[in-house]
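Visitor: Sequence first, predicted coordinates after that:
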Amino acid sequence: MRNLQFAIASLIAVTTVASIACARVSPATPVAQPPIAPPAGKTWNLEFTVEFDGTKLDTTKLTPCFDWNFGDCTSSFNNGKEHYLPSQVQLSNGVAQLVAEPLNPPYRADACYEGACTYKSGLLSTARPDQSSPYLYEFTYGYVEARLKLPATPGMFTAFWMLPVNTNYEYRSEIDILENLGGKPDVIYQTYHYNNRSSSYKVNDLSEGANGACAKVDYSADFHTYGVDWQADHVAFYIDGTECGRFTATEDGQIEDGPMQIILDLMVDTSWQRDADLVLPSQAVSDQVDVDYLRVWQAK
């Protein structure tokens, strides 16, 4: 995530995770296989899935806050305007809606633009629900996919991404499966950050406006699938089953080899959007990301 700001100085000390939550799914779950073949001699196993049935979020699998939840959920990652709240994750008809809308009065937080979070928004993650709990789900290698309908409103920023599991908030890598700036619904950014996030492989670039080998269409008009194949020797990005681009390791240590967590969130007027002049048309608009499912397969 560009200009990722975690405001670590404001965080209190945390304890080491004591255990790992198991979220293995029954093999009988009737879902499609990944759009790619598994590594030679192996088969895909669906290890984690959230289908968003019912009317309440399954908080044994996902939390509406990120890892530094100290009882008041989470504020912006990128000096945006959003403060995340559980109320902004709403389920209906088998879909989770991450809703961004004005927050009045604003929530005061150094992480937000000019110290005021003027929007409330939705987030889903497999992080720790609080500092005394284990990560809800962590894994090493696999194919990760979500089916999403993106917002088109300028100022809305959809992110589907992964960070290493680390209770000290020190992240040596990052996989951005999807980043989309509202106002540019045909441009999808997919990036792998490595070498302590000092190096990056980019399928797309702000100046290019292409999507690698994938189509350039209006991704806010309907649902589409976004995925990543993370293996020991490569990180490959997908949209609707088509490989958009692939990073293949040329040196030891370039591919993350430790467990990671998943984050999916809707940001508002971040530093990247301000730089790109793609901010909210007014401070009264609302929009949302629709999430049909979130799945992780591993090859075994």
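Guide: Thanks, I have the structure now.
Visitor: The residue of the chain positioned farthest from its centre and residue 278: what is the separation?
Guide: In terms of distance from the mean C-alpha position of the chain, residue 41 ranks first, at 30.3 Å (CA atoms, centre = their mean). In this structure, residue 41 and residue 278 are 46 Å apart, going by CB to CB, to the nearest Å. For the C-beta atoms, the positions are set from N, CA and C on the backbone; glycine is no exception.
Visitor: those strands in the stretch 1-150 of the chain, which residues are they?
Guide: Taking DSSP state E, counting those that start in this stretch to define them, one finds strands in the stretch 1-150 of the chain at 44-50, 74-75, 82-84, 89-92, 95-108, 116-121, 123-125, 142-149.
Visitor: May I have the strands that pair with the first one, each with its orientation?
Guide: For strand 44-50, sheet partners with direction are given as strand 287-299 (antiparallel), following DSSP bridges.
Visitor: same question, the last one
Guide: The strands beside strand 142-149 in its sheet (DSSP bridges) come out as strand 224-231 (antiparallel), strand 287-299 (antiparallel).
Visitor: pLDDT of the shortest one, averaged?
Guide: Here strand 224-231 scores 98 as its mean pLDDT.
Visitor: Please tell me how far it is from the chain's geometric centre.
Guide: Offset of strand 224-231 from its chain centre (CA atoms, centre = their mean, to the nearest Å): 12 Å.
Visitor: Other residues contacting it?
Guide: Strand 224-231 is touched from outside by 34-36, 39, 141-150, 160, 162, 175, 177-178, 188, 190, 235-241, 255-256, 260, 299, with contacts defined as CB atoms under 8 Å, 6 or more residues apart in numbering.
Visitor: Confirm that residue 272 sits in a helix.
Guide: Yes - secondary structure assignment (DSSP: H, G, I helix; E, B strand; the rest coil) places residue 272 inside a helix.
Visitor: So what's the residue count around it?
Guide: If you count neighbours by other CB atoms under 10 Å, residue 272 ends up with 20.
Visitor: same thing with the one 5 residues further on?
Guide: Residue 277 has 8 neighbouring residues, counting by other CB under 10 Å.
Visitor: now the one helix or strand residue 266 maps to and strand 142-149, what's the angle there?
Guide: Per DSSP states H and E: residue 266 is located in strand 260-268. Here the directions of strand 260-268 and strand 142-149 differ by 20 degrees (axes from the mean of the first three to the mean of the last three CA atoms, to 10 degrees).
Visitor: buried subset of the contacts of strand 224-231?
Guide: Applying 16 or more other CB atoms under 10 Å to these, the neighbour count classes 34, 141-150, 160, 162, 175, 177-178, 188, 190, 235-240, 255-256, 260, 299 as buried.
Visitor: ok, which stretches of the stretch 151-300 of the chain are helices?
Guide: Applying DSSP state H, counting those that start in this stretch to the stretch 151-300 of the chain gives helices spanning 271-276.
Visitor: what residue ranges in the stretch 1-150 of the chain score low on pLDDT?
Guide: 1-30 (pLDDT under 70).
Visitor: And for the stretch 201-300 of the chain?
Guide: For the stretch 201-300 of the chain (pLDDT under 70), the answer is 206-208.
Visitor: go with 80
Guide: Residues of the stretch 201-300 of the chain meeting the criterion pLDDT under 80: 205-209.
Visitor: Tell me which residues touch residue 199, please.
Guide: Counting by CB under 8 Å, 6+ apart, residue 199 touches residue 193.
Visitor: For it, list each beta-bridge partner.
Guide: Beta-bridge partners, per DSSP bridges, of residue 199: residue 194.
Visitor: do the same with residue 84
Guide: Per DSSP bridges, the residues bridged to residue 84 are residue 74, residue 121.
Visitor: which residues touch it?
Guide: When the contact criterion is CB under 8 Å, 6+ apart, the partners of residue 84 are 64, 65, 66, 73, 74, 75, 120, 121, 122, 123, 265.
Visitor: Which ChimeraX command selects the buried ones in those?
Guide: Remark: buried members of the contacts of residue 84, expressed as a ChimeraX selection using 16+ other CB under 10 Å:
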select :64,65,66,73,74,75,120,121,122,123,265
